[in-house]
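[1] How does the following fold in three dimensions:
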Amino acid sequence: MPPDTQPAERIAFGSFELEITSSELFKKGRRVRLSGQSADLLTILVSRSGKLVSREELRLALWPEDTFVDFDHGLNNCIRRIRDVLGDSAESPRYIETLPKKGYRFIAETHAVLPLQSVVAPPDAGNTVAVTVTATAAQLQEYPLQMQSGRWKRLGPWVVSIFLILATVSLFLFGSKILKHRSAAEFSSIAVLPLEQLSGDPNQDYFADGMTDALITDLAQITSLRVISRTSAMHFKGTHLTVPEIAQQLGVDAVVEGSVTRSGNHVRITAQLVDARQDRHLWAGSYAGEMSDILNLQDTVATSIAREVNTKLTSTHEERPRRPVQPAAYEAYLKGWHFWNRFTWEDWRKAIQYFQESINVDPNYAPAYVGLSESYAMLGFHNSPMIEVMPKAKEAAQKALMLDDSLGEAHIALANVLFGYEWDWAGAEREFQRGFQLSPNYALGYHWHSIYLQILGHQAEGIAEQKKAVALDPLSLTINTNLCQAYLFAKQLDAAIQQCRKTLELDPHFGMANRWLTQALYEKGAYQEYVEALESGVRRAGIPEWADEMNKVFSAGGIERFQRYMAEDDLENMKENPLPAWRHAKDYVQLGDKENALRWLEKSYEDRDFGLLLIGINDEFAPLRSEPRYINIRRKMNLPY
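    Numbering: from 1, shown residues only. Just a heads-up that it's a prediction; the model follows:
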């Protein structure tokens, strides 16, 4: 074919080019992330540049009635995505103009990069119609691709109308069959992305985040799907990644996205279900209610999503009563989880204040007691005196169960106290299993159960349980780090090193991942890499002079001198910054001082330090294991070995 008669495939506008046949968008030669219905919608608007495309035309072309309920929300969402990618705005449009209640018009000047050839179907393809329009390069230079000019004024609307008719017929004939195959067997995993906060008040962000968390929790309790946990989902708050890209990172094949609007005590939630592999909307709904009935509102949304993927509701959900909650109590509850999820000692303290406020308003609201228990427990697991906080954690968990025995998270909160503080191994296992029966998608539950199994010496089972947690929360630093620990204590050192480095790719500053990485490298005998990893962590912490000193000590005295130097430095620092007793014991083991090491372990037993639970599987304490005083401590902890 001569050059001047080659088919045109791209339309240019501004700094963008749109490939008509594939609906791919490029900016300055590089592909832009826009796919699915958003890309198809942009293709239709650009093809009819300068003309109003009605909302009804777009609905017929892109949203067959048997696949979408809330068309308005889906269309608005697609337009918002397109504007985000183009850098456009509804208030001062450069590309897409909104005609309220009518439709949209593409207003930027366009021109064809190559001649346009639009082939809908071959003429002998059975019950189909074919339309082909071809223009030469010279003709397209003379007649820009705008519907109001010359030849395209006559041909453009006709071509697009045929396209819209055929698209509608195809979707009518084949769409329902395709969707019928999207059953629970095909959709085995789902993620709820952070709900967009549309109230216009940035101080209400906690409410949207809390509603996201609540919807995740509800959906996880009532479906057989694997539901991604909040920690990983929140990584995509405000992201411009496409749904397929997000789904690939999370390992899911369906996504729920939506928004929440609050005005006083009135709440409106919109949600839509997206086939993540094809970026196709399958269902959407909009729900409104009052804060006093917010639990039933969340429940309705989660139930609707579950039914759309043909998933059976569990008997637990069908039998579980839904009691109203006072708006002020629920608002304080959401604020409590907002701070809890920041995962710092100070924020757990703030979370306690809000959960207690929720309880003060509504003393019978069981989930607030779960949050209170989890907050006290996290303080205990992160170096607060266990004897001060864990009895409070137990009391709150028991109160939650007294009010509502069907809360899986409450059973797991109690299990954490039983194994982490009271060393009641059998009782903890009963509560864990009851919790998983009620909340099978609770990632933190599997995380804690993995640690419980590791402590008891069941390393293979601990690894398997932690992998469940990672599958449910793939971007959680804490959960990924515990998989490093599980591999380390199972003596799978290469796997531990690989997992630690993978975790540090998520956040190079996450100290616990670097801590287990260095121990795995040391136990493997990779001393040079071990010291380099320690130095790297110190430099990231902003203490380069200490890193230089560490390098000098290792170069001059080798690994034994280096280990003594690190233990001595640690003990010196603890004079000003006290740490749990087991940390002192570890350093004295490194110095070869068994007497002081055992003395501090006995102190750790009196304090019921959480770190004491790991000494039986952590080889840093191996030199003490034959000592009668060490054996006596382990015996009093009711451990099976």
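[2] Mind giving me the packing neighbours of the longest helix seen in the chain?
    Longest helix in the chain, counting residues (DSSP state H): helix 544-573. Secondary-structure packing of helix 544-573 (3 or more C-beta pairs under 8 Å, 6 or more residues apart in numbering; DSSP states H and E): helix 527-540, helix 581-590. Any C-beta I mention is one placed from the backbone N, CA and C, and that applies to glycine too.
[3] what angle separates it from helix 581-590?
    100 degrees (axes from the mean of the first three to the mean of the last three C-alpha atoms, to 10 degrees).
[4] Buried ones in helix 544-573, by neighbour count?
    Along helix 544-573, these residues count as buried under the neighbour rule (16 or more other C-beta atoms under 10 Å): 547, 550, 553-554, 562-567, 571.
[5] Out of the helices and strands packed on helix 544-573, which gets nearest to Ala410?
    Across the helices and strands packed on helix 544-573, Ala410 has its closest neighbour in helix 581-590 (29.2 Å, C-beta to C-beta).
[6] Restricting the selection to alpha carbons, write the closest one to CSV.
    Extracted C-alpha coordinates of helix 581-590, given in CSV (Å, rounded to 0.1, in the frame of the first residue of the first chain):
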residue,chain,number,x,y,z
ALA,A,581,15.1,-7.1,80.7
TRP,A,582,15.5,-9.7,77.9
ARG,A,583,17.4,-7.2,75.9
HIS,A,584,20.0,-6.9,78.7
ALA,A,585,20.2,-10.7,78.8
LYS,A,586,20.9,-10.9,75.1
ASP,A,587,23.8,-8.5,75.3
TYR,A,588,25.3,-10.3,78.3
VAL,A,589,25.1,-13.6,76.4
GLN,A,590,27.1,-12.0,73.6
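[7] Next, the angle helix 527-540 makes with the longest helix of the chain.
    Using the same axes, to 10 degrees: helix 544-573 against helix 527-540 is 100 degrees.
[8] Make CSV from the buried residues of helix 544-573 and add pLDDT and distance to Leu297 to it.
    CSV is the format used below for these (pLDDT from 0 to 100; distance: C-beta to C-beta, whole Å):
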residue, pLDDT, distance to Leu297
Ala547, 88, 53
Met550, 92, 56
Val553, 94, 61
Phe554, 94, 60
Phe562, 94, 59
Gln563, 93, 58
Arg564, 94, 61
Tyr565, 93, 60
Met566, 93, 55
Ala567, 92, 56
Leu571, 90, 55
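[9] picking up where we left off before, among the helices and strands packed on helix 544-573, which is nearest Glu395?
    Short answer: helix 581-590, nearest of the helices and strands packed on helix 544-573 by C-beta to C-beta, at 25.3 Å.
[10] Name the next helix or strand following the closest one along the chain.
    Toward the C-terminus, helix 581-590 is succeeded by helix 594-607 as the next helix or strand (DSSP states H and E).
[11] Touching that next one from outside, list them.
    385-387, 580-582, 584-586, 588-589, 611-612, 615, 623-624, 627, 629-630, 633, 636-637 (C-beta atoms under 8 Å, 6 or more residues apart in numbering).
[12] picking that back up, identify whichever of the helices and strands packed on helix 544-573 lies nearest to Tyr446.
    Nearest to Tyr446 among the helices and strands packed on helix 544-573 is helix 581-590 (25.1 Å), distances taken as C-beta to C-beta.
[13] average pLDDT across the closest one?
    Averaging pLDDT along helix 581-590 gives 93.
[14] Output the contacting helices and strands for that helix.
    If contacts are counted by 3+ C-beta pairs under 8 Å, 6+ apart, helix 581-590 sits against helix 544-573, helix 594-607.
[15] In CSV, list the C-alpha atoms belonging to the helix or strand just after the shortest one.
    Think helix 594-607. Note on helix 594-607: by DSSP H and E, the next helix or strand toward the C-terminus is helix 628-636. Extracted C-alpha coordinates of helix 628-636, given in CSV (Å, rounded to 0.1, in the frame of the first residue of the first chain):
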residue,chain,number,x,y,z
PRO,A,628,19.4,-25.1,85.1
ARG,A,629,18.1,-21.6,85.8
TYR,A,630,17.2,-21.2,82.1
ILE,A,631,15.4,-24.6,82.1
ASN,A,632,13.5,-23.6,85.2
ILE,A,633,12.2,-20.4,83.6
ARG,A,634,11.0,-22.3,80.5
ARG,A,635,9.3,-24.9,82.8
LYS,A,636,7.4,-22.2,84.7
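[16] before we move on, the earlier item: among the helices and strands packed on helix 581-590, where is the model least confident on average?
    Among the helices and strands packed on helix 581-590, helix 544-573 carries the lowest mean pLDDT (a mean of 91).
[17] so how far is that helix off the chain centroid?
    Taking C-alpha atoms, centre = their mean, to the nearest Å, one finds helix 544-573 lying 39 Å from the centre of the chain it belongs to.
[18] domain ranges for this structure?
    Domains of the chain are assigned by automatic domain parsing as 3-176, 189-315.
[19] Show me the shaky parts of this structure.
    Where the chain drops to pLDDT under 70, the residues are 1-9, 29, 35, 63-73, 114-186, 199-200, 222-223, 306, 309-323, 641.
[20] my read: Thr481 touches Thr503, true?
    Yes - in this structure Thr481 lies within contact range of Thr503 using C-beta atoms under 8 Å: 5.4 Å.
[21] Show me whatever sits in contact with both of these two.
    With contacts defined as C-beta under 8 Å, 6+ apart, the residues shared by Thr481 and Thr503 are 510, 513.
[22] on that earlier part again, and the longest helix of the chain with helix 594-607, angle?
    Between helix 544-573 and helix 594-607, the angle comes out at 80 degrees (the same axes, to 10 degrees).
[23] is it true that Ile463 touches Asn482?
    No - Ile463 is not in contact with Asn482 according to C-beta under 8 Å; the separation is 10.1 Å.
[24] So these two - more neighbours on which side?
    Asn482 (27 against 20; other C-beta atoms under 10 Å).
[25] Any figure for the gap between that one and Ala471?
    Using C-beta to C-beta, to the nearest Å, Asn482 is found at 13 Å from Ala471.
[26] Run through the strands of the chain in chain order.
    Along the chain, the segments classed as strands by DSSP state E run 10-13, 16-19, 24-27, 30-31, 52-54, 96-99, 103-106, 111-112, 189-192, 196-197, 226-227, 254-263, 266-275, 280-290.
[27] rewinding a little: mind putting the helices and strands packed on helix 581-590 into CSV with distance to Tyr365?
    Below are the helices and strands packed on helix 581-590 laid out as CSV (distance: least, C-beta to C-beta, whole Å):
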stretch, distance to Tyr365
helix 544-573, 43
helix 594-607, 33
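[28] what's the closest of the ones you listed to Ser15?
    helix 544-573 (43.0 Å).
[29] just to revisit the earlier point, Phe16 is nearest to which of the helices and strands packed on helix 581-590?
    Across the helices and strands packed on helix 581-590, closest to Phe16 is helix 544-573 (C-beta to C-beta), at 45.6 Å.
[30] and Pro508, what are its phi and psi?
    Note on Pro508: its backbone torsions stand at phi -60, psi -20 [degrees, to the nearest 10].
[31] Nearest residue to it in space, ignoring adjacent ones along the chain?
    Nearest non-adjacent residue to Pro508, counting by C-beta to C-beta, 6 or more residues apart in numbering: Arg540, 6.2 Å away.
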